[in-house]
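J.: from the sequence below, what's the structure:
(one chain, ligands or ions: 2)
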Amino acid sequence: MIRLEDVGYVYPGGVEALRGVSLTIGERSSLAIMGRSGAGKTTLIKHLNGLLKPTSGRVTVDGVDTRKATVAKLSRKVGIVFQNPDHQLFAETVEDEVAFPLKNFGFPQDEIKARTEWVLELFNLTRYRKHSPLTLSGGEKKRVAMASIVSWKPKYLVLDEPTLGQDRENKLRLRELFEEFMEEGRTIIMVTHDVEFAAECGFDVALLVDGKVSALGSAREILSNVELLKKASLAAPQMAELFLELEGVEAQPVFTVEEAERLILSRLMSGSGRP
Ligand SMILES: Nc1ncnc2c1ncn2[C@@H]1O[C@H](COP(=O)(O)OP(=O)(O)O)[C@@H](O)[C@H]1O
Ligand SMILES: [Mg+2]
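T.: Ligands and ions are numbered 1, 2, ... in the order given. Below is the predicted model:
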(Lines give C-alpha, C1' and ligand atoms only; values in the text may rest on other atoms or scores of the structure.)
(Ligands and ions follow the chains in the order given, each with its own letter.)
Protein backbone atom coordinates (compact mmCIF):
# COMPACT_ATOMS: atom_id res chain seq x y z
CA MET A 1 0.00 0.00 0.00
CA ILE A 2 0.96 3.63 -0.38
CA ARG A 3 0.65 5.77 2.73
CA LEU A 4 0.84 9.52 3.00
CA GLU A 5 1.15 10.65 6.58
CA ASP A 6 0.48 14.30 7.26
CA VAL A 7 2.34 15.30 4.10
CA GLY A 8 3.22 18.95 3.59
CA TYR A 9 5.02 20.29 0.55
CA VAL A 10 6.38 23.78 -0.03
CA TYR A 11 7.88 24.62 -3.43
CA PRO A 12 11.29 26.31 -3.37
CA GLY A 13 9.60 29.61 -4.31
CA GLY A 14 7.48 29.38 -1.15
CA VAL A 15 4.13 28.12 -2.47
CA GLU A 16 2.57 25.75 0.06
CA ALA A 17 1.03 23.19 -2.28
CA LEU A 18 0.20 20.39 0.19
CA ARG A 19 -0.91 21.05 3.75
CA GLY A 20 -1.21 17.93 5.81
CA VAL A 21 -2.39 15.24 3.42
CA SER A 22 -3.05 11.86 5.01
CA LEU A 23 -4.20 9.12 2.69
CA THR A 24 -3.87 5.35 2.56
CA ILE A 25 -4.10 3.75 -0.87
CA GLY A 26 -4.48 0.02 -0.53
CA GLU A 27 -3.74 -2.81 -2.90
CA ARG A 28 -6.36 -3.52 -5.58
CA SER A 29 -7.98 -0.18 -4.90
CA SER A 30 -8.94 2.59 -7.27
CA LEU A 31 -8.86 6.24 -6.38
CA ALA A 32 -9.77 9.40 -8.28
CA ILE A 33 -8.17 12.58 -6.99
CA MET A 34 -10.36 15.52 -7.89
CA GLY A 35 -10.35 19.23 -7.23
CA ARG A 36 -9.96 22.60 -8.87
CA SER A 37 -6.89 23.70 -10.78
CA GLY A 38 -4.09 24.58 -8.37
CA ALA A 39 -5.49 22.40 -5.56
CA GLY A 40 -2.27 20.35 -5.43
CA LYS A 41 -3.26 17.22 -7.37
CA THR A 42 -0.15 17.02 -9.53
CA THR A 43 2.08 17.87 -6.58
CA LEU A 44 0.46 15.01 -4.67
CA ILE A 45 1.00 12.37 -7.35
CA LYS A 46 4.64 13.44 -7.79
CA HIS A 47 5.11 12.26 -4.21
CA LEU A 48 4.00 8.73 -5.05
CA ASN A 49 7.20 7.73 -6.86
CA GLY A 50 9.53 10.04 -4.95
CA LEU A 51 9.89 12.70 -7.68
CA LEU A 52 9.05 15.14 -4.90
CA LYS A 53 9.92 14.40 -1.28
CA PRO A 54 7.63 15.78 1.41
CA THR A 55 8.76 18.92 3.19
CA SER A 56 7.05 17.53 6.27
CA GLY A 57 5.40 14.19 7.00
CA ARG A 58 6.14 10.92 5.27
CA VAL A 59 5.29 8.88 2.19
CA THR A 60 5.83 5.12 2.12
CA VAL A 61 5.39 2.71 -0.78
CA ASP A 62 4.94 -0.85 0.47
CA GLY A 63 6.68 0.20 3.66
CA VAL A 64 9.63 1.94 1.98
CA ASP A 65 10.10 5.62 2.79
CA THR A 66 10.35 7.53 -0.53
CA ARG A 67 13.23 9.54 0.95
CA LYS A 68 15.25 6.35 1.18
CA ALA A 69 14.72 4.98 -2.33
CA THR A 70 15.65 6.21 -5.81
CA VAL A 71 12.98 7.40 -8.22
CA ALA A 72 14.19 4.78 -10.71
CA LYS A 73 13.60 1.98 -8.21
CA LEU A 74 10.22 3.32 -7.08
CA SER A 75 9.06 3.83 -10.66
CA ARG A 76 9.13 0.12 -11.38
CA LYS A 77 6.27 -0.16 -8.88
CA VAL A 78 4.66 3.26 -9.28
CA GLY A 79 4.25 4.22 -12.94
CA ILE A 80 3.07 7.79 -13.49
CA VAL A 81 1.61 9.18 -16.72
CA PHE A 82 1.80 12.97 -16.49
CA GLN A 83 -0.80 15.36 -17.78
CA ASN A 84 1.29 16.85 -20.55
CA PRO A 85 2.72 14.10 -22.79
CA ASP A 86 5.19 16.53 -24.39
CA HIS A 87 7.34 16.34 -21.27
CA GLN A 88 7.45 12.56 -21.45
CA LEU A 89 7.94 11.65 -25.11
CA PHE A 90 11.39 11.65 -26.65
CA ALA A 91 11.90 8.60 -28.92
CA GLU A 92 11.97 8.72 -32.71
CA THR A 93 9.04 6.39 -33.23
CA VAL A 94 5.95 5.43 -31.27
CA GLU A 95 7.21 1.84 -31.18
CA ASP A 96 10.57 2.86 -29.68
CA GLU A 97 8.84 5.07 -27.16
CA VAL A 98 6.91 2.08 -25.86
CA ALA A 99 9.80 -0.38 -26.00
CA PHE A 100 12.34 1.89 -24.29
CA PRO A 101 11.26 1.48 -20.67
CA LEU A 102 10.87 -2.28 -21.19
CA LYS A 103 14.48 -2.48 -22.36
CA ASN A 104 15.50 -0.28 -19.49
CA PHE A 105 13.85 -2.57 -16.96
CA GLY A 106 15.58 -5.56 -18.53
CA PHE A 107 12.62 -7.44 -19.96
CA PRO A 108 13.64 -10.28 -22.34
CA GLN A 109 13.43 -9.58 -26.08
CA ASP A 110 10.33 -11.70 -26.79
CA GLU A 111 8.50 -10.16 -23.84
CA ILE A 112 9.35 -6.65 -25.12
CA LYS A 113 7.91 -7.58 -28.48
CA ALA A 114 4.73 -9.10 -27.06
CA ARG A 115 4.06 -6.24 -24.67
CA THR A 116 4.74 -3.61 -27.33
CA GLU A 117 2.20 -5.25 -29.65
CA TRP A 118 -0.31 -5.49 -26.81
CA VAL A 119 -0.22 -1.82 -25.78
CA LEU A 120 -0.07 -0.49 -29.35
CA GLU A 121 -3.26 -2.41 -30.04
CA LEU A 122 -4.87 -1.49 -26.70
CA PHE A 123 -4.32 2.23 -27.23
CA ASN A 124 -5.27 2.23 -30.91
CA LEU A 125 -1.75 3.13 -32.00
CA THR A 126 -0.68 0.24 -34.21
CA ARG A 127 -1.05 2.26 -37.40
CA TYR A 128 1.28 4.95 -36.00
CA ARG A 129 4.00 2.62 -34.82
CA LYS A 130 6.62 3.98 -37.25
CA HIS A 131 5.56 7.60 -36.83
CA SER A 132 7.33 10.17 -34.70
CA PRO A 133 5.31 10.86 -31.54
CA LEU A 134 5.78 14.56 -32.25
CA THR A 135 3.60 14.37 -35.36
CA LEU A 136 0.57 13.02 -33.47
CA SER A 137 -2.44 14.89 -32.08
CA GLY A 138 -2.67 15.77 -28.39
CA GLY A 139 -4.98 12.85 -27.62
CA GLU A 140 -2.76 10.41 -29.54
CA LYS A 141 0.38 11.64 -27.76
CA LYS A 142 -1.41 11.08 -24.50
CA ARG A 143 -2.15 7.49 -25.52
CA VAL A 144 1.52 6.93 -26.42
CA ALA A 145 2.49 8.25 -22.99
CA MET A 146 -0.02 5.90 -21.34
CA ALA A 147 1.09 2.94 -23.48
CA SER A 148 4.73 3.45 -22.52
CA ILE A 149 3.88 3.13 -18.81
CA VAL A 150 1.10 0.53 -18.93
CA SER A 151 3.47 -1.79 -20.86
CA TRP A 152 5.52 -2.61 -17.78
CA LYS A 153 2.40 -3.20 -15.70
CA PRO A 154 3.33 -1.21 -12.61
CA LYS A 155 1.72 -2.37 -9.38
CA TYR A 156 0.46 1.18 -8.90
CA LEU A 157 -0.66 2.93 -12.08
CA VAL A 158 -1.01 6.69 -11.68
CA LEU A 159 -2.55 8.85 -14.42
CA ASP A 160 -2.96 12.62 -14.56
CA GLU A 161 -6.09 13.44 -16.62
CA PRO A 162 -6.13 10.21 -18.68
CA THR A 163 -9.34 11.06 -20.57
CA LEU A 164 -8.18 14.40 -21.99
CA GLY A 165 -8.68 14.33 -25.74
CA GLN A 166 -10.03 10.75 -25.73
CA ASP A 167 -13.20 9.62 -27.47
CA ARG A 168 -15.81 7.21 -26.14
CA GLU A 169 -14.13 4.10 -27.49
CA ASN A 170 -10.77 4.93 -25.97
CA LYS A 171 -12.39 5.76 -22.63
CA LEU A 172 -14.15 2.40 -22.69
CA ARG A 173 -10.84 0.64 -23.36
CA LEU A 174 -9.27 2.50 -20.46
CA ARG A 175 -12.05 1.33 -18.17
CA GLU A 176 -11.55 -2.25 -19.31
CA LEU A 177 -7.81 -1.95 -18.71
CA PHE A 178 -8.43 -0.64 -15.19
CA GLU A 179 -10.68 -3.61 -14.47
CA GLU A 180 -8.11 -6.04 -15.81
CA PHE A 181 -5.34 -4.43 -13.75
CA MET A 182 -7.43 -4.55 -10.59
CA GLU A 183 -8.24 -8.22 -11.14
CA GLU A 184 -4.49 -8.76 -11.31
CA GLY A 185 -4.15 -7.09 -7.92
CA ARG A 186 -2.93 -3.71 -9.17
CA THR A 187 -4.03 -0.29 -7.99
CA ILE A 188 -5.17 2.63 -10.13
CA ILE A 189 -4.89 6.25 -9.07
CA MET A 190 -6.06 8.96 -11.41
CA VAL A 191 -6.36 12.72 -11.31
CA THR A 192 -9.42 13.78 -13.27
CA HIS A 193 -11.94 16.54 -13.85
CA ASP A 194 -14.11 14.07 -15.73
CA VAL A 195 -16.91 13.37 -13.22
CA GLU A 196 -18.74 11.15 -15.71
CA PHE A 197 -15.69 8.96 -16.12
CA ALA A 198 -15.00 8.77 -12.38
CA ALA A 199 -18.64 7.74 -11.80
CA GLU A 200 -18.58 5.14 -14.58
CA CYS A 201 -15.35 3.65 -13.25
CA GLY A 202 -16.79 3.54 -9.74
CA PHE A 203 -13.52 4.71 -8.17
CA ASP A 204 -13.24 6.06 -4.67
CA VAL A 205 -12.95 9.82 -4.77
CA ALA A 206 -10.63 12.07 -2.76
CA LEU A 207 -11.48 15.75 -3.05
CA LEU A 208 -8.50 18.01 -2.73
CA VAL A 209 -9.12 21.62 -1.67
CA ASP A 210 -6.20 24.01 -1.08
CA GLY A 211 -3.66 21.26 -0.54
CA LYS A 212 -5.82 19.24 1.84
CA VAL A 213 -8.10 16.25 1.43
CA SER A 214 -11.51 17.71 2.18
CA ALA A 215 -13.53 14.55 1.56
CA LEU A 216 -12.95 10.89 0.80
CA GLY A 217 -15.57 8.32 -0.09
CA SER A 218 -17.18 6.29 -2.85
CA ALA A 219 -17.90 8.01 -6.18
CA ARG A 220 -21.57 7.73 -5.28
CA GLU A 221 -21.19 9.45 -1.91
CA ILE A 222 -18.94 12.25 -3.08
CA LEU A 223 -20.40 12.95 -6.52
CA SER A 224 -23.94 13.25 -5.14
CA ASN A 225 -22.91 15.79 -2.50
CA VAL A 226 -23.57 19.12 -4.20
CA GLU A 227 -22.10 21.16 -1.33
CA LEU A 228 -18.82 19.25 -1.39
CA LEU A 229 -18.56 19.48 -5.17
CA LYS A 230 -19.13 23.22 -5.07
CA LYS A 231 -16.20 23.65 -2.66
CA ALA A 232 -14.00 21.81 -5.15
CA SER A 233 -15.41 23.68 -8.20
CA LEU A 234 -16.72 20.48 -9.73
CA ALA A 235 -20.10 19.87 -11.35
CA ALA A 236 -22.08 16.71 -10.57
CA PRO A 237 -22.27 14.14 -13.40
CA GLN A 238 -24.72 15.37 -16.05
CA MET A 239 -27.06 12.40 -15.50
CA ALA A 240 -27.26 13.20 -11.78
CA GLU A 241 -28.06 16.84 -12.59
CA LEU A 242 -30.70 15.85 -15.12
CA PHE A 243 -32.53 13.50 -12.74
CA LEU A 244 -32.28 16.04 -9.93
CA GLU A 245 -33.84 18.62 -12.21
CA LEU A 246 -36.61 16.30 -13.42
CA GLU A 247 -37.49 14.54 -10.19
CA GLY A 248 -36.12 16.63 -7.34
CA VAL A 249 -33.94 15.61 -4.43
CA GLU A 250 -36.16 12.60 -3.70
CA ALA A 251 -35.03 11.10 -6.99
CA GLN A 252 -33.29 7.80 -7.10
CA PRO A 253 -29.61 8.72 -7.56
CA VAL A 254 -28.53 8.13 -11.15
CA PHE A 255 -24.92 8.74 -12.11
CA THR A 256 -24.23 7.11 -15.43
CA VAL A 257 -25.93 6.61 -18.78
CA GLU A 258 -26.11 2.89 -18.05
CA GLU A 259 -27.95 3.48 -14.77
CA ALA A 260 -30.36 5.87 -16.46
CA GLU A 261 -31.06 3.31 -19.17
CA ARG A 262 -31.77 0.62 -16.61
CA LEU A 263 -34.07 2.84 -14.57
CA ILE A 264 -36.05 4.08 -17.57
CA LEU A 265 -36.44 0.56 -18.97
CA SER A 266 -37.61 -0.83 -15.63
CA ARG A 267 -40.20 1.94 -15.35
CA LEU A 268 -41.43 1.30 -18.89
CA MET A 269 -41.70 -2.42 -18.15
CA SER A 270 -43.60 -1.85 -14.92
CA GLY A 271 -45.88 0.56 -16.76
CA SER A 272 -45.48 3.19 -14.09
CA GLY A 273 -46.19 5.84 -16.71
CA ARG A 274 -43.06 7.79 -15.86
CA PRO A 275 -40.36 7.75 -18.52
N1 LIG B 1 7.20 23.89 -10.01
C2 LIG B 1 6.47 24.70 -9.23
N3 LIG B 1 7.04 25.75 -8.59
C4 LIG B 1 6.32 26.57 -7.79
N5 LIG B 1 5.01 26.42 -7.56
C6 LIG B 1 4.38 25.40 -8.17
C7 LIG B 1 5.07 24.49 -9.04
N8 LIG B 1 4.19 23.58 -9.49
C9 LIG B 1 3.00 23.90 -8.94
N10 LIG B 1 3.10 24.99 -8.15
C11 LIG B 1 2.02 25.62 -7.37
O12 LIG B 1 1.54 24.66 -6.42
C13 LIG B 1 0.12 24.72 -6.32
C14 LIG B 1 -0.46 23.34 -6.66
O15 LIG B 1 -0.19 23.07 -8.03
P16 LIG B 1 -0.54 21.68 -8.72
O17 LIG B 1 -0.09 20.58 -7.83
O18 LIG B 1 0.01 21.72 -10.09
O19 LIG B 1 -2.14 21.73 -8.74
P20 LIG B 1 -3.21 20.94 -9.65
O21 LIG B 1 -2.52 19.78 -10.27
O22 LIG B 1 -4.28 20.54 -8.68
O23 LIG B 1 -3.72 21.91 -10.66
C24 LIG B 1 -0.34 25.84 -7.25
O25 LIG B 1 -0.47 27.01 -6.48
C26 LIG B 1 0.82 25.95 -8.23
O27 LIG B 1 0.91 27.26 -8.73
MG1 LIG C 1 -2.31 19.27 -12.32
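
J.: residue numbers of this protein in contact with ligand 2?
T.: Counting by Cβ under 5 Å from the ion, the residues of the chain close to ligand 2 are K41, T42. To be clear about C-beta, it is placed using only N, CA and C from the backbone, and glycine gets the same treatment.

J.: so which residues of the chain form helices?
T.: Assigned by DSSP state H, the helices in the chain fall at 41-46, 71-77, 94-104, 109-122, 138-150, 168-183, 195-201, 219-223, 226-231, 238-247, 257-270.

J.: would you turn the ones you listed into a markdown table with mean neighbour count and mean pLDDT?
T.: Converted to a markdown table, these look like this (neighbours: other Cβ atoms under 10 Å; pLDDT from 0 to 100):
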| stretch | mean neighbour count | mean pLDDT |
| --- | --- | --- |
| helix 41-46 | 22 | 98 |
| helix 71-77 | 16 | 94 |
| helix 94-104 | 20 | 96 |
| helix 109-122 | 16 | 97 |
| helix 138-150 | 23 | 95 |
| helix 168-183 | 15 | 94 |
| helix 195-201 | 22 | 91 |
| helix 219-223 | 21 | 89 |
| helix 226-231 | 14 | 85 |
| helix 238-247 | 16 | 79 |
| helix 257-270 | 12 | 86 |
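
J.: for ligand 1, find the nearest of those.
T.: helix 41-46 (3.3 Å; Cβ to the nearest ligand atom).

J.: does L216 really touch L208, like I thought?
T.: No: using Cβ atoms under 8 Å, L216 and L208 do not qualify as a contacting pair, with a distance of 10.0 Å.

J.: which residues are common contacts for the two?
T.: Residues within reach of L216 and of L208 at once, by Cβ atoms under 8 Å, 6 or more residues apart in numbering: there are none.

J.: without its sequence neighbours, what residue ends up closest to R67?
T.: Distances taken as Cβ to Cβ, 6 or more residues apart in numbering place K53 nearest to R67, at 5.3 Å, with adjacent residues excluded.

J.: distance of the one you found from ligand 2?
T.: Separation of K53 from ligand 2 (Cβ to the ion, to the nearest Å): 19 Å.

J.: start at 355 instead
T.: Yes, from this point I'll number from 355; that puts the last item at K407.

J.: and this protein, which residues reach ligand 1?
T.: Y365, G367, V369, A371, G389, S391, G392, A393, G394, K395, T396, T397 (Cβ under 6 Å from any ligand atom).

J.: right, I'll call it a day here.
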